[in-house]
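Q: no sequence for this one, just the structure:
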């Protein structure tokens, strides 16, 4: 449909994400929608069920700022660095509020997104053999194969209210091109009721950039497409900028202490109008090492 | 593994396909491994269980020449033309021998290959609602979703003894690149115990031709890779030659009558040493309109 | 301007598609109609073929469901498992547009066998994608030529569900979507009665009378009290369709597609 | 030439990989070891990362499981659902190479919590890909530093199955593959007893004595009667590993990867 898909990130978050929604911000190390995460915090969304295979910095921020009441995930940490402290503080000490968790494995979360995208109510997998996870998660059950009698794990499909991803390019009709490590970007969008995609670049026609078998999400399956250059930082956008490993490491010190964390968020996220403002703000402290210079001044 | 994957088609069919095997020659309209089908006929393989979503000319040939005792499929016809007469003759009049059939839908066959490639014993789908197919196929059963109680169809995974596909390019290590309509080419290979891939062209390194997210089958999952230019004819290889629609139409008259069929097969397939010979033989009768001229003389 | 019954059928089928609708397209007449719609009043219609092409914009009609033409100008080309799982079963298709060998009064489709399944009089190609298109798309349109042999009282085999035994049988079956909301033939248009779900003649093409349609139907065909006559093809529609067929004929080396 | 315990551990882990093996690689030490193998004696080893990169050949070590470096030089990059379904669950992985926070005497792994699940003393990152790697790969190797806190008698939580309660417990569980066949630490190498499946010390690194290993183990560690001493790192191995780390450090702007 030729409806207008392009919008600002502010508008998209305002109109598409509501308090109490289940929201999946995805991006498997690559193409993490950080700018959208900030905007969720700026708009003080509350009581969110956050879904994500690898909750890392963006979810550490949302959880620490009190936006989430529940987390569905399979690995929560700062990749290559260590713990995410706001996540731990919420689970270990209920700060700033209790955080209910529902925990799966990567293979399972990926299968659950696939089931959601496929219009199926559940996913089947060979999984969790000998693991204690099913004891603590009633959403992991077991069924028998009707042909062989084998015991297989099954879990409910994920169909988030809203999916949020970052991607490289979109065209004026909102068709989106994703390349490199594509993770579950396609699945989460197709599984969700609504979706927001932030992109590095708007081009005239995606067909000039995509090969026949490229990973393309047609505009008609998306709710909003927002032009946010650098929007995956400190994650990366293949072909645009590298992963900011120093920022991931710096986050450990920022988020370890509650007050340091709150002051930092106040200054750089709540105290800025948008992602461009955030970039300038942290760049002024020498904290961004990978984004193009024009985004940081 | 750096073992030698490249071989002749004759050797590959000889060593990898045995009488009584279940064999899936796939290619959804595009990249149909016709040359491999001819070679199966030349080597007089018998008692095969043939698996294919869309049995068309190649299976019409194998069935008519008495190579198959069973057929697993979801649509049998000459696309855009009409019936495949050897298939009908086998089912309707048991000529040249009875042909047991197991019939599914496209969505199901695709899901069954996926299950096979995924190491799962069965596939789950929303399917066959109100259809008479499950009454005639004990391999279509129904289960209840353990979470919602919904009724869903399920069928056993397909794991053929041998998968055979055609593709555009392979490199010297046997890495294969497929582009355009990719069908179930990847799934059938990953589902099968052994696999043969015929290709249009051998290149030095597939990485010089493939994008990051291209459909690539690494050589280490394949059993044999054979250089057979034109080997998909009368189907097509995107980027090499077009579909030979006139040949599909001509096939209707060739295969309608048993004797005409046998004489034609005798002359062009049994009477030629290999696919290059076949091309020259049919080209001499003006029957090939799409292959590069050098393949036809 | 004169026209053939097939042109009439194709043009009437094309008119039903709205701009921006997502249509899962069967090969043959549905494909011709869907592309005609795209080339006339519905430039942003999204055509999906089971071969995995999404947003296909073929310049000529494909002879098969997987011609290179479909891939070349598509928004994206995905695998066959993906097209059925993420796109059809995922509930993203507005209209499933099917051909058929036979239908019955409740718009069930047979493309499998005539005669007993185990010893068929005529073996037809089989199901293809139809059973799941018929039970997953938001609605289904069927287009075929109307004869006593194709419009039968009772099918030997139900390949794809219409309204099954009528009434609420389809709803009870667990099928999704509204089912076949229109059957477009060379004689007119049929639609299900809202309650009984039996196909009722709702329109005839110009120059076709009701008795002609009854004579081409294998059951006692009901006729709508609001029976209308379809508008004749416009010159623009006919010109566009004929151009499309002429281009197709040239491209296929004398083989017409979509028919 | 002197070397660190971590270098020793990495080099011993790398030596286990044979050329042509297909290895599903965990981040950190397994990734450093697998790439060292690729750069030394096993150039055709196939490295698969859960981010979807198949046949990865990173020039520097990735800090995360999905660095661009992994995609850039891979044979192909597939989706995360595909990597787990077609490649891991599909049974194509020879070796699953895992790190761990804690293991027990039957090589079960905990990466979830220390303390009760509902009110953990320490919340660890969680399962990631490990439960299915541990139960799908033909065999599993685990590499971690050996201390009384990481080698515990009884885990608070089994995230990924080793040999469960030992004996034939793993076989009965339905897990596929041989399970953990080697645990490579900074002190030596452990392997399961063929019958009891309890981890037994089979090798110590040069300069390490058995009592040192016992002292770093939270249960009464059994020692193989055929205990061997691992060969010291060669100059070539050390040079290659140090080059790799130096390149990594430069590329990551001061952040070392794989450790």
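A: Yes, it's here. For clarity, every value in this text was computed on a predicted model and none was experimentally measured.
Q: hmm, residue A:161 is touching residue A:195, no?
A: No - here residue A:161 does not reach residue A:195: they are 10.1 Å apart, not a contact under C-beta atoms under 8 Å. From N, CA and C alone the C-beta is placed, and that goes for glycine too.
Q: for residue A:63, which three-state class applies?
A: helix (DSSP: H, G, I helix; E, B strand; the rest coil).
Q: longest helix in chain C, please.
A: Taking DSSP state H as the criterion, chain C has its longest helix at helix C:235-251.
Q: identify each buried residue in that one, please.
A: C:237-238, C:240-241, C:244-245, C:248, C:251 (16 or more other C-beta atoms under 10 Å in any protein chain shown).
Q: starting at the chain centroid, how far to it?
A: Here helix C:235-251 shows a centroid-to-chain-centroid distance of 20 Å under the convention C-alpha atoms, centre = their mean, to the nearest Å.
Q: report all helices and strands that it contacts.
A: helix C:5-16, helix C:29-39 (3 or more C-beta pairs under 8 Å, 6 or more residues apart in numbering or on different chains; DSSP states H and E).
Q: name the nearest residue to residue 141, ignoring sequence neighbours.
A: As the question left the chain open, I've gone with chain A. Spatially, and ignoring its direct neighbours in sequence, residue A:141 is nearest to residue B:146 (5.0 Å; C-beta to C-beta, 6 or more residues apart in numbering or on different chains).
Q: wait, chain C
A: Distance criterion C-beta to C-beta, 6+ apart; nearest residue to residue C:141, sequence neighbours excluded, is residue C:182 at 4.8 Å.
Q: identify the residues contacting residue A:15.
A: Listed by C-beta atoms under 8 Å, 6 or more residues apart in numbering or on different chains, the contact set of residue A:15 reads residue A:224.
Q: the one 3 residues further on now?
A: Contacts for residue A:18 were tallied using C-beta under 8 Å, 6+ apart; they are A:45, A:161.
Q: give me the pLDDT value at it.
A: Residue A:18 carries a pLDDT value of 98.
Q: which helices and strands does the lengthiest strand in chain C pack with?
A: When chain C is parsed with DSSP state E, its longest strand is strand C:222-229. Here strand C:222-229 touches strand C:199-204, going by 3+ C-beta pairs under 8 Å, 6+ apart.
Q: what mean pLDDT does the strand it packs on get?
A: What strand C:199-204 shows for mean pLDDT is 98.
Q: that strand: what's the following helix or strand?
A: Per DSSP states H and E, strand C:199-204 leads on to helix C:210-215 as the next helix or strand towards the C-terminus.
Q: give me the buried positions along that following helix.
A: Quick answer for helix C:210-215 (16+ other C-beta under 10 Å): residue C:213.
Q: try stretch A:135-144
A: Going by neighbour count (16+ other C-beta under 10 Å), the buried part of stretch A:135-144 is A:136-137, A:139-140, A:143.
Q: please name the bridge partners of residue C:102.
A: Going by DSSP bridges, residue C:102 is paired in beta bridges with residue C:110.
Q: burial count for it?
A: Using other C-beta atoms under 10 Å in any protein chain shown as the criterion, residue C:102 is surrounded by 22 other residues.
Q: who's more crowded, residue A:161 and residue A:195?
A: Counted by other C-beta under 10 Å, residue A:161 and residue A:195 do not tie: residue A:195 has more neighbours, with 24 against 18.
Q: so which elements touch the strand or helix carrying the more buried one?
A: Using DSSP H and E, residue A:195 sits within strand A:194-203. Using 3+ C-beta pairs under 8 Å, 6+ apart, the elements in contact with strand A:194-203 are helix A:9-16, helix A:34-42, strand A:162-171, helix A:185-191, strand A:224-227.
Q: ok, residues contacting that strand?
A: With C-beta under 8 Å, 6+ apart as the test, strand A:194-203 has contacts from A:6, A:9, A:12-13, A:16-17, A:33, A:35-36, A:161-172, A:176, A:188-189, A:209, A:217, A:221-232, A:237, A:240.
Q: in it, which residues are buried?
A: A:194-203.
Q: coming back round to it: is the residue nearest to residue C:141 in a helix, a strand, or coil?
A: With three-state DSSP as the basis, residue C:182 sits in strand.
Q: how many other residues sit next to it?
A: For residue C:182, the count of nearby residues is 22 (other C-beta under 10 Å).
Q: what's the answer for the one 4 residues further on, then?
A: Applying other C-beta under 10 Å, we find 21 residues neighbouring residue C:186.
Q: that one and residue C:10, how far apart?
A: 9 Å (C-beta to C-beta, to the nearest Å).
Q: picking that back up, nearest to residue D:161, out of the helices and strands packed on helix C:235-251?
A: Closest to residue D:161 of those, according to C-beta to C-beta: helix C:29-39, at 51.6 Å.
Q: mind listing residues that contact the closest one?
A: For helix C:29-39, the external contacting residues (C-beta under 8 Å, 6+ apart) are C:6, C:9-11, C:13-17, C:23, C:25, C:45, C:47, C:49, C:57-58, C:61-62, C:97-99, C:141, C:143-144, C:184, C:237, C:240-241, C:244-245, C:257-259.
Q: tell me where chain A has helices.
A: Under the criterion DSSP H, chain A contains helices at A:9-16, A:34-42, A:57-64, A:85-93, A:106-117, A:133-136, A:185-191, A:245-256, A:258-265, A:275-283.
Q: tell me which of these is the most buried.
A: Comparing these by mean neighbour count (mean count of other C-beta atoms under 10 Å in any protein chain shown), helix A:106-117 ranks first with a mean of 29.
Q: ok, the residue nearest to residue C:103 when sequence neighbours are not counted to residue A:49 distance?
A: What sits nearest to residue C:103 in space, not counting adjacent residues and going by C-beta to C-beta, 6+ apart, is residue C:109, at 5.5 Å. Distance, residue C:109 to residue A:49, by C-beta to C-beta: 42 Å.
Q: what do you get for residue A:150?
A: Taking C-beta to C-beta, one finds residue A:150 at 33 Å from residue A:49.
Q: who's more crowded, those two?
A: residue A:49 (18 against 13).
Q: show me what contacts that one?
A: With contact set as C-beta under 8 Å, 6+ apart, residue A:49 has these partners: A:21-23, A:68-72.
Q: which bits of chain A sit near chain C?
A: A:1-3, A:114, A:117-120, A:175, A:186-187, A:190, A:206-207, A:210, A:212-216, A:218, A:220-221 (C-beta under 8 Å from any C-beta of the partner chain).
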